[in-house]
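S.K.: Would you be able to build a 3D model of this:
(one chain, ligands or ions: 1)
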Amino acid sequence: MIKKSNILITGGAGYIGSHIAEKLEKTKSKVIIYDNLITGYRRLINKRAIFIKGDIKNKKLLSNTIKKYNINTVIHLAAYLNVSEAEKHKKKYIVNNINGTLNLIKCCSVSSVKYFIFSSSCSVYGNINGAVNEKKIPNPQGHYAYTKFKSENIIKKYSKKFKYKYAILRYFNVAGASSSGKIGEIQRSYGHLIKNLAIQSLKKKPIISIFGNDYNTKDGTCIRDYIHVSDLADIHLKSLNYIYTKPSLLLNCGYGKGYSVLDIVNLFKKMNKNTIVNYAKRRPGDVSQVYADTKKSIKLLKWRPKYNNLKLILKSAFKWEKKIKKS
Ligand SMILES: NC(=O)c1ccc[n+]([C@@H]2O[C@H](COP(=O)([O-])OP(=O)(O)OC[C@H]3O[C@@H](n4cnc5c(N)ncnc54)[C@H](O)[C@@H]3O)[C@@H](O)[C@H]2O)c1
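M.R.: Residues are numbered from 1 along each chain as shown. From the prediction side, this is the model:
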């Protein structure tokens, strides 16, 4: 299990970070959440954690926080992640995602940080035929993917100099909500398919847009691998445990199954008979297909997913949406 640590979670007031904090609640670790709340929410901040409202680009506040709480482990999620916006506002993404990561690493160097976990993305791979494993040389197509790829390189580059071990986790598409009912995805601006479906599931006549039906895939729509946020949060704890005693790690975080957007929309239509489907043009920055080869995560971490079922993921996301609409 996780040894007693002082863990800083950047972006811990966000969707995925809050789920990691909830899992860490059951360990002996002290959790410090560092977030500027640009896309995060106070409601998602774990009640047992210490919260610091701050930006990862603020060197002084960040170094002081790391020193004050004697941080030995960092889980770095703070980033912008709107794929289409990244194409239009490249500099904004470079400054926040790449320069922000470099700043954080440099702040870690002046203290006792020994373990560093980074939220990367499957988008670093670019377009893939079949399942992709971690040995594949990255080929980022969009600007968001590029910022993740550059950040990965920064983390690898400084690990020897600053003597920390890292786990770079390449998330596939994350969805669903905690079974505690306390946390889930609130932010609507990213255009995540399952979040959009959840919003529409509450309407009498749901309207779903499919962006692009001329991709080179079985039905012309994009193919993705969807992982439940609770299983993803578990991978963080397992990765941390792994790097305590073993070398640094680069890992895919998905289930290894690709679903097309149309597969998912068809499933949604079975649950919501009045659904209207629109076809819109492709979104900039989207690749046609990517799904994980999961052999490494299963072998090294002995990871066994608990929510590996699309219907279960959809139900979990819809239940959460209902809850936040009421409150
Ligand atoms: N959601 C997905 O499907 C997915 C897939 C692949 C990778 N990721 C990565 O996972 C991480 C978390 O994503 P999420 O879905 O939880 O999004 P989110 O927007 O809910 O979380 C990001 C958090 O980072 C904070 N933040 C952003 N810039 C910051 C800054 N400069 N300083 C301090 N805090 C800052 C935001 O306020 C927010 O709370 C991101 O790095 C994202 O790129 C997410």
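S.K.: Identify the residues contacting the nearest residue to Ala292 once chain neighbours are set aside.
M.R.: Leaving aside its sequence neighbours, Ala292 sits nearest to Gly254 (CB to CB, 6 or more residues apart in numbering; 3.1 Å). All C-beta atoms are positioned from the backbone trio N, CA, C, and that covers glycine. By CB atoms under 8 Å, 6 or more residues apart in numbering, the contact set of Gly254 is Cys122, Tyr171, Phe172, Asn173, Asp225, Tyr226, Ile227, Tyr291, Ala292, Thr294.
S.K.: Out of the residues you listed, which are close to the ligand?
M.R.: By CB under 6 Å from any ligand atom, the members of these lying near the ligand are Tyr171, Asn173.
S.K.: And the furthest pair within the contacts of Gly254?
M.R.: Farthest-apart pair in the contacts of Gly254 is Asn173 and Thr294; separation 14.1 Å (CB to CB).
S.K.: Of the two, which one has the most company?
M.R.: Thr294 (23 against 20; other CB atoms under 10 Å).
S.K.: low pLDDT regions in the stretch 201-327 of the chain?
M.R.: Applying pLDDT under 70 to the stretch 201-327 of the chain picks out no residues at all.
S.K.: all helices for it, in order.
M.R.: 229-245, 261-271, 295-301, 310-326 (DSSP state H, counting those that start in this stretch).
S.K.: And for the most far-flung residue of the chain relative to its centre, nearest residue in space, chain neighbours not counted?
M.R.: Distance from the C-alpha centroid of the chain, by CA atoms, centre = their mean, peaks at Asn274 (31.7 Å). Nearest residue to Asn274 in three dimensions, chain neighbours excluded: Lys205, at 4.9 Å (CB to CB, 6+ apart).
S.K.: OK, contacts around Lys30?
M.R.: Lys30 sits in contact with Ser5, Asn6, Ile7, Ile50, Tyr69, where contact means CB under 8 Å, 6+ apart.
S.K.: ok, now how distant is the residue nearest to Ala292 from Lys106?
M.R.: 31 Å (CB to CB, to the nearest Å).
S.K.: try Ile98
M.R.: Taken as CB to CB, the span from Ile98 to Lys106 is 13 Å.
S.K.: between the two, which one's more packed in?
M.R.: Taking other CB under 10 Å, Ile98 and Lys106 do not tie; Ile98 has more neighbours (19 against 15).
S.K.: Need the per-residue pLDDT for Met1.
M.R.: At Met1, the predicted lDDT confidence score is 69.
S.K.: Check the one 3 residues further on too.
M.R.: If you check Lys4, the pLDDT there is 87.
S.K.: Am I right that it is in a helix?
M.R.: No: secondary structure of Lys4 (DSSP: H, G, I helix; E, B strand; the rest coil): coil, not part of a helix.
S.K.: now it, nearest residue through space, not along the chain?
M.R.: Lys28 (4.4 Å).
S.K.: doesn't Ile2 make contact with the one you found?
M.R.: Yes: counting by CB atoms under 8 Å, Lys28 touches Ile2, with 7.5 Å between them.
S.K.: what's the neighbour count on the residue nearest to Asn274?
M.R.: 9.
S.K.: can you tell me how far it sits from the ligand?
M.R.: Lys205 sits 27 Å away from the ligand when distances are taken as CB to the nearest ligand atom, to the nearest Å.
S.K.: Repeat that for Cys222.
M.R.: 14 Å.
S.K.: Quick check: Tyr164 touching Ser112?
M.R.: No: using CB under 8 Å, Tyr164 is not in contact with Ser112; the gap is 9.6 Å.
S.K.: quick one, which of those two is more surrounded?
M.R.: Tyr164 (22 against 14).
S.K.: Please report how far that one lies from Val113.
M.R.: Counting by CB to CB, the gap from Tyr164 to Val113 is 6 Å.
S.K.: for Asn72, same thing?
M.R.: With CB to CB as the criterion, Asn72 and Val113 are 6 Å apart.
S.K.: What segments of the stretch 51-200 of the chain are strands?
M.R.: For the stretch 51-200 of the chain, applying DSSP state E, counting those that start in this stretch gives strands covering 73-76, 115-121, 131-132, 165-171, 173-175.
S.K.: most packed of the ones you listed?
M.R.: strand 73-76 (a mean of 26; mean count of other CB atoms under 10 Å).
S.K.: And the average pLDDT for that strand is what?
M.R.: 98.
S.K.: so, in contact with the ligand or not, it?
M.R.: No: Strand 73-76 lies out of reach of the ligand by CB under 6 Å from any ligand atom, never closer than 7.6 Å.
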